[in-house]
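Chemist: Just to be clear, the model below is a prediction. Sequence and coordinates:
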Amino acid sequence: MTQTDIEADTKSEAARGTPRDRRPSALRRLARNPRAVVFASVAVAALFGWVYLAAMVVDMVPAMDMGELGPGMALFNAFNIFAGLSPEARAALAAICLPEGASTFGMPNAEIWSVGDAGLVFVMWVMMALAMMLPSAAPMIAAFAELPQPMTTRSARVAPVVVLALGYLSVWVGYAVLATAAQGVLTAARMMSPMMSPATMVIAGTTLVAAGLYQFTPAKLACLLRCQRPIPFFLEKRPASYLEVYRLGIIQGLLCLGCCWALMTVMFAVGVMNVIWIAVLGLLMAVEKTVFRMWIPRAVGVFLILWGGFVLALSDAGRALLAG
């Protein structure tokens with residue numbers, strides 16, 4: 001082969017494009033935009049949580065008075081065949097129409113729970129964490145994904161980000177365990193109804209007031225500031241192993257827990273399966289973490305205190321107290 005033939009073959013290869021082994025892979029292209037990957041992954045996980053919660057509501061709508069789930073849920077009664085009937089009539093019709101009485105997908109069917117019932121409630125709280133808490137953590141996870149990781153190359157940063165997210169979610173899984181236990185105790189004591197709403201206005205009112213007061217505490221504001229600005233903390237720690245990354249995720253999860261646990265507890269006041277307030281509270285927590293204005297948590301606190309005081313005033317104990 002002459003020199004001219006070799007040059008011709010080289011030009012022909014260049015015209016066909018870059019050789020396959022030199023072209024950037026899909027994973028490498030994704031690694032160049034880790035922020036987009038994080039937000040897309042979080043969106044998928046949050047959507048999974050919302051689909052589960054929506055399935056619970058869809059299964060309840062045809063056979064229950066949705067107003068019993070909490071404020072705002074009566075809107076779903078437009079699709080309810082038992083709306084407007086007395087509790088006795090609804091129970092009788094449910095026993096006829098539903099093979100297992102009033103039990104539905106994802107909900108316990110007794111005041112004293114079995115292990116299976118507790119498992120259903122635990123899964124529900126985990127799905128709520130995915131739907132409410134994970135979206136608000138997306139900026140923090142994305143900020144970590146954009147930083148150089150000592151244990152990986154730039155094109156292989158997926159694993160540390162996943163480990164960080166697992167550490168973060170571990171904290172909220174722990175919260176789900178505590179919330180399940182608390183709900184089980186309150187249900188057994190008849191302080192919460194089988195429809196997962198507070199049994200009395202006093203419980204709802206005091207929960208709202210307590211959550212509102214926490215919005216003004218130093219612990220709330222300190223945790224919120226750390227959640228809003230995670231990059232200095234990441235740069236200070238610089239984890240050198242996956243175990244350290246997992247611990248970092250747990251720390252961030254604990255900071256988020258310190259920031260948001262009171263707002264999550266509001267679900268005990270408005271109804272644990274109140275999907276309207278799940279969306280509202282999730283949005284509030286996301287706004288708190290992404291908009292650097294300290295008047296926002298204080299405004300939320302004032303609203304909760306006023307709302308809780310109004311609910312307490314309408315309760316039997318509150319009216320008796322006001323009447324002297």
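Modeler: Yep, it's here. Residues are numbered from 1 along each chain as shown.

Chemist: Look up how far Phe39 lies from Glu288.
Modeler: In this view, Glu288 and Phe39 are 18 Å apart by Cβ to Cβ, to the nearest Å. C-beta coordinates here come from the backbone N, C-alpha and C atoms, glycine included.

Chemist: now for the helix or strand harbouring Ala36, which elements pack on it?
Modeler: Taking DSSP states H and E as the definition, Ala36 sits inside helix 34-60. Applying 3 or more Cβ pairs under 8 Å, 6 or more residues apart in numbering; DSSP states H and E, we find helix 34-60 packed against helix 26-31, helix 115-146, helix 158-188, helix 275-290.

Chemist: how about the ones you listed in JSON lines, adding mean neighbour count?
Modeler: Output for those, formatted as JSON lines (neighbours: other Cβ atoms under 10 Å):
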{"stretch": "helix 26-31", "mean neighbour count": "13"}
{"stretch": "helix 115-146", "mean neighbour count": "20"}
{"stretch": "helix 158-188", "mean neighbour count": "19"}
{"stretch": "helix 275-290", "mean neighbour count": "19"}
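
Chemist: between those, which gets nearest to Ile251?
Modeler: helix 158-188 (7.9 Å; Cβ to Cβ).

Chemist: between the helices and strands packed on helix 34-60, which one is nearest to Val209?
Modeler: Per Cβ to Cβ, nearest to Val209 of the helices and strands packed on helix 34-60: helix 275-290, 16.2 Å.

Chemist: now what about the very next helix or strand once past that closest one, what contacts it?
Modeler: Sequence order places helix 295-314 as the next helix or strand after helix 275-290, per DSSP H and E. Helix 295-314 has contacts (Cβ atoms under 8 Å, 6 or more residues apart in numbering) with 201-202, 204-216, 220-221, 224, 263, 266, 269, 284, 287-288, 318-319, 322.

Chemist: and the residues you listed, which are buried?
Modeler: 201-202, 204-212, 214-215, 220, 224, 263, 266, 269, 284, 288, 318 (16 or more other Cβ atoms under 10 Å).

Chemist: Okay, and which of these map to helices?
Modeler: Counted as lying in helices by DSSP state H, out of the buried ones among the contacts of helix 295-314, are 201-202, 204-212, 214, 220, 224, 263, 269, 284, 288, 318.

Chemist: is it true that Leu221 touches Gly258?
Modeler: No: when contacts are counted by Cβ atoms under 8 Å, Leu221 is not listed as touching Gly258 (10.1 Å).

Chemist: lowest-pLDDT helix or strand in this protein?
Modeler: helix 3-16 (a mean of 51; mean pLDDT, DSSP states H and E).

Chemist: start to end distance for stretch 58-69?
Modeler: Using Cα to Cα, to the nearest Å, one end of stretch 58-69 lies 13 Å from the other.

Chemist: do stretch 215-233 as well
Modeler: Using Cα to Cα, the two ends of stretch 215-233 sit 23 Å apart.

Chemist: who's in contact with Cys256?
Modeler: Met133, Ser136, Ala137, Tyr168, Val171, Trp172, Cys223, Cys227.
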